[in-house]
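# Test case, fold it:
(2 chains)
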Amino acid sequence: MMRRAAFALLAAALLGPLPALAQDAPLRIEITEGVVRPMPVALRFEDAGGAGELLGDITAVIADDLNGTGLFEMTEPESSPATGFDRTVDYIAWKATGTEALVTGQVALEGDSVMLRFRLFDVFAGQPLGDGMQFVSPREGWRRAAHKIADQIYARITGETPYFDSRIAFIGESGPATERVKRVGVMDYDGAGVKWLTSKDDLVLSPRFSPDGQTVLYTSFASGVPQIMSLDVETVTSTALTRDPRAMSFAPRFSPDGKWIAFSRESSGNTDIWIMEVANPSFAKPITLGPAIDTAPSWSPDGRHIVFESDRSGSSQLYVMRADGSEPTRISFGDGGGSYGEPAWSPRGDRIAFTRQTKAGSSIGVMRPDGSGEQLLSEGGRDSGPSWAPNGRVLIFTRLTADDEVPQLHSVDITGRNMRPVALNDAASDPAWGPLLP
Amino acid sequence: MRVTLTLIAAVLALSACNMPNDTPQASAPVTDPYVSTAGGNVVYRGDVNVAGNRLPGADTVALGADFAAAGATVYFAEAETSLSEEARTTLSRQAQWLVQNAGFTAVVEGHADEPGTREFNLALGARRATSVQEYLVAKGVEAGRIRTVSFGKERPASICASEASCLARNRRAVTVVAPPAAGV
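Residues are numbered from 1 along each chain as shown, chains lettered A, B, ... in the order given. As a prediction, the model looks like this:
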């Protein structure tokens, strides 16, 4: 059951017109510069009626979201100035505590609805940053409401699109490696609310979200031969999109408009990239030819290009081609050799993430779509399968630790900072970050 | 081949007493099945190697085990899909068995070791399985009797950290035979 919480967004309803932001010293974090000192932020939420434990729970989720970015640091100053949601902010007193951003808010429980309000203040500029906002959600959707507020704070201070209110599909793993049990699961971006979408009976691989987050594609061995399945997240029903028992189909990925699926199809030992129309999956056609292995296609956000993994040069390397298969161009030329695979085109279009394999192990990294500016984000471990957050600023990937075979999900930001495990009790691999939820 | 002789013996034993459901007697003499004997008419009941003509009570389990004796698994060098001399020797025995047991079908399962991406290894396993299939066909097995599938690195034979000798055991193709009823 993936009931979507409905949100009533009443922006600007609380404060009325606001003065223009100060031009001289805006509260701003530039993520691409690699932040060394997190910004001190104070969260002051109050119970506006019946909130009870929800007050602390919601504040904790907002704090975890912001702390988890490595860009912010929640502060609790000793000589903390008093606040009230409808009182003016004592900027001078807050400034003296070193706090740079102040968030005030209210939580109320009315029947089965949670009401959340917040305001964000730029302490040093001495003024609000953006409008106050009010969210209403069903009681069981309180985590999403909290993520919505953290998203607003993140977006206003960094200028980036946020990503906290999003889901991640992944493969949950159990049992020994020789007979590993794998299931498709989805969870909130922070590891909460895990739901299993497939049974333990079938071997399944590499889930991929549709752009609207309603569908998850994955590869299943249920028929004996790998085939691509389409799973409706809300009803948890799967449909086979490919059925030819003499051809393996795998590595599916939606086009950014959600109308096409690029995938790999193997026949007589040769693997090429094919595309099919979602509305008409029985008509599929190849867009690469030749005896090389061509796999792991990923679309550019404008849908005009596809990056993929191919061993046509002898080892696995990355190639970019037009979406019709023409003009394939190699983009990976790492110093000292190594093979490249599992490319993932950033939703911003400016980077392609990949897995690089050398004798020392496998790492994840990013490069520009023309192959320049290659940067490894991890070194010499057993990292693989990067997937982008909806804002193209954070990656989630699979890490195998050296001393055992249990994979875990980790996230890292695009500058290589803030490497951290995702809080998830299950062994997990092959993460696929879904879109920011509406 | 011992299996073939046993089957012919079974044909004779069953035919001689004209009671197909009787347990075959191991001590039955091995002679030409077309020759009438003093015990009554010998009825030809079909070639044991043709699909659908298998004798009632024929021991398929024993045949499967015998296939394993031929060597069900061949191994590959790192990132390679070509067949070593050792692999070809094993596959020749597999082909011989499949030619003699024409009712059986085979699935060749290709596998890869841990290094390399999940999806590339799936494709690599398919190449290895196809190498095996093509060799078996070249040695006289009908192509339609052999199906391929790849498990990539999803079903390693051994759990390896990174030791080369361990990884080598996972780069393999396994031929699994099935009796006629199972289909391909």
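# Report whether B:Ala181 is found in a strand, as I expect.
No. Counting by DSSP: H, G, I helix; E, B strand; the rest coil, B:Ala181 falls outside a strand, being helix.
# Show me the strands in chain B, by range?
B:73-75, B:105-111, B:146-152, B:172-178 (DSSP state E).
# and the residue of the stretch 251-400 of chain A nearest chain B?
Chain B sits closest to A:Gly269 of the stretch 251-400 of chain A, with a gap of 2.8 Å, by CB to the nearest CB. C-beta here means a position set from N, CA and C on the backbone, and glycine is covered the same way.
# ok, which residues in chain B are in contact with chain A?
Contact residues, chain B versus chain A (CB under 8 Å from any CB of the partner chain): B:79, B:81, B:115-120, B:122-124, B:126-127, B:129-131, B:133-134, B:147-151, B:154-159, B:161.
# Now render the strands of chain B as a markdown table, adding distance to A:Phe263.
Below are the strands of chain B laid out as a markdown table (distance: least, CB to CB, whole Å):
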| stretch | distance to A:Phe263 |
| --- | --- |
| strand B:73-75 | 29 |
| strand B:105-111 | 19 |
| strand B:146-152 | 15 |
| strand B:172-178 | 24 |
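# Among those strands, which comes closest to A:Met367?
Closest to A:Met367 of the strands of chain B is strand B:146-152 (CB to CB; 25.3 Å).
# Would you check that A:Met419 makes contact with A:Val412?
Yes. Contact criterion CB atoms under 8 Å: A:Met419 and A:Val412 qualify, at 4.6 Å.
# Common neighbours of the two, please.
A:377-378 (CB atoms under 8 Å, 6 or more residues apart in numbering or on different chains).
# The two: which is more packed in?
The residue with more neighbours, out of A:Met419 and A:Val412, is A:Val412; 21 against 15, by other CB atoms under 10 Å in any protein chain shown.
# So that one: helix, strand or coil?
With three-state DSSP as the criterion, A:Val412 reads strand.
# how does the chain divide up, domain by domain?
No chain in the question, so chain A it is. In terms of domains, chain A is parsed into A:8-158, A:166-436 (source: automatic domain parsing).
# meant chain B actually
B:1-58, B:62-182.
# What's the local residue count around B:Gln96?
Neighbour tally, B:Gln96, other CB under 10 Å: 15.
# swap that for A:Val406, sorry
15.
# returning to what we had before: I figured the residue of the stretch 251-400 of chain A closest to chain B hits B:Gly125, correct?
No. Assessed by CB under 8 Å, A:Gly269 is found out of contact with B:Gly125, at 9.8 Å.
# Tell me which of these two has more neighbours.
The residue with more neighbours, out of A:Gly269 and B:Gly125, is B:Gly125; 31 against 23, by other CB under 10 Å.
# and stretch A:213-229, anywhere near chain B?
Yes. Stretch A:213-229 comes into contact with chain B (CB under 8 Å from any CB), by way of A:221, A:224-226.
# That stretch: how far from the chain's middle?
The chain centre lies 21 Å from the centre of stretch A:213-229; the measure is CA atoms, centre = their mean, to the nearest Å.
# Please export the alpha-carbon coordinates of that stretch; CSV is fine.
The C-alpha trace of stretch A:213-229 is given here as CSV (Å, rounded to 0.1, in the frame of the first residue of the first chain):
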residue,chain,number,x,y,z
GLY,A,213,7.4,7.8,-9.4
GLN,A,214,4.3,5.6,-10.0
THR,A,215,6.1,2.7,-11.8
VAL,A,216,9.2,0.7,-11.0
LEU,A,217,10.8,-1.3,-13.8
TYR,A,218,12.9,-4.3,-12.7
THR,A,219,14.4,-7.5,-14.2
SER,A,220,13.0,-10.8,-13.0
PHE,A,221,14.1,-14.4,-13.4
ALA,A,222,10.6,-15.7,-12.6
SER,A,223,10.0,-17.2,-16.1
GLY,A,224,13.5,-18.8,-16.1
VAL,A,225,15.0,-16.2,-18.4
PRO,A,226,15.5,-12.6,-17.3
GLN,A,227,12.6,-10.4,-18.5
ILE,A,228,11.6,-6.8,-17.8
MET,A,229,8.7,-6.3,-15.4
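# Can you list phi and psi of the most centrally placed residue in chain A for me?
Note on chain A: the residue nearest the mean C-alpha position is A:Ala389, at 2.8 Å, using CA atoms, centre = their mean. For A:Ala389, the backbone dihedrals (degrees, to the nearest 10) come out as phi -60, psi 160.
# How about it, nearest residue that isn't a chain neighbour?
Ranked by CB to CB, 6 or more residues apart in numbering or on different chains and with sequence neighbours excluded, the top spatial neighbour of A:Ala389 is A:Tyr163, at 4.2 Å.
# Can you tell me how far the one you found is from A:Gly141?
18 Å (CB to CB, to the nearest Å).
# And the pLDDT at the residue of chain B found nearest chain A?
Residue nearest to chain A within chain B (CB to the nearest CB): B:Thr130, separated by 2.8 Å. With respect to pLDDT, B:Thr130 scores 97.
# In contact with it, which residues?
Neighbours of B:Thr130 in contact, by CB under 8 Å, 6+ apart: A:268-270, B:81, B:108, B:110, B:148.
# and with 7 Å instead?
Counting by CB atoms under 7 Å, 6 or more residues apart in numbering or on different chains, B:Thr130 touches A:268-269, B:148.
# Could you list the low-confidence segments of chain A?
The model of chain A has pLDDT under 70 over residues A:1-26, A:31-35, A:380, A:402-404.
# Next, give phi and psi for whichever residue of the stretch 51-200 of chain A sits closest to chain B.
Going by CB to the nearest CB, chain B is nearest to A:Ala177 of the stretch 51-200 of chain A, at 4.7 Å. Main-chain torsions, A:Ala177, degrees, to the nearest 10: phi -60, psi -30.
# Spit out the contact partners of it.
A:405, B:156, B:159.
# ok, back up a step: okay, A:Tyr163 and A:Gly141: which has more neighbours?
A:Tyr163 (25 against 20).
# And what about the more buried one, helix, strand or coil?
Secondary structure of A:Tyr163, per three-state DSSP, is coil.
# Check the gap between it and A:Ala169 for me.
Distance, A:Tyr163 to A:Ala169, using CB to CB: 15 Å.
# Same question for A:Thr69.
22 Å.
# Which residues of chain A lie near chain B?
A:176-178, A:180, A:203, A:205-206, A:224-226, A:248, A:250-251, A:264, A:266, A:268-269, A:271, A:293, A:295-296, A:309, A:316, A:341-342, A:355, A:357, A:384, A:402, A:405 (CB under 7 Å from any CB of the partner chain).
# From those residues, which land in strands?
Using DSSP E, these in strands are A:205-206, A:248, A:250-251, A:264, A:266, A:271, A:295-296, A:309, A:341-342, A:355, A:357, A:384.
# for chain B, what's the longest helix?
helix B:118-138 (DSSP state H).
# what does stretch A:405-412 contact?
A:170, A:173, A:177, A:377, A:394-400, A:418-422, A:424, A:427-429, A:431, B:159.
# In strands only, show me those.
A:170, A:173, A:394-400, A:420-421, A:427-429, A:431.
# Out of those residues, who's the most crowded?
A:Phe170 (30 neighbours).
# what sits against it?
So A:Phe170 contacts A:185, A:207, A:409, A:428-431 (CB under 7 Å, 6+ apart).
# Give me the neighbour count for the closest residue to A:Leu377 other than its chain neighbours.
Excluding the flanking residues, the one nearest A:Leu377 by CB to CB, 6+ apart is A:Gly416, at 4.5 Å. A count of nearby residues for A:Gly416, using other CB under 10 Å, gives 17.
# would you say A:Gly416 is within a strand?
No. Read with three-state DSSP, A:Gly416 is coil and lies in no strand.
# Distance of it relative to A:Gly349?
20 Å.
# just the helices in chain B please.
Counting by DSSP H, the helices of chain B are B:2-17, B:60-70, B:85-100, B:118-138, B:164-170.
# And for the stretch 1-150 of chain A?
A:53-68, A:91-96, A:142-158 (DSSP state H, counting those that start in this stretch).
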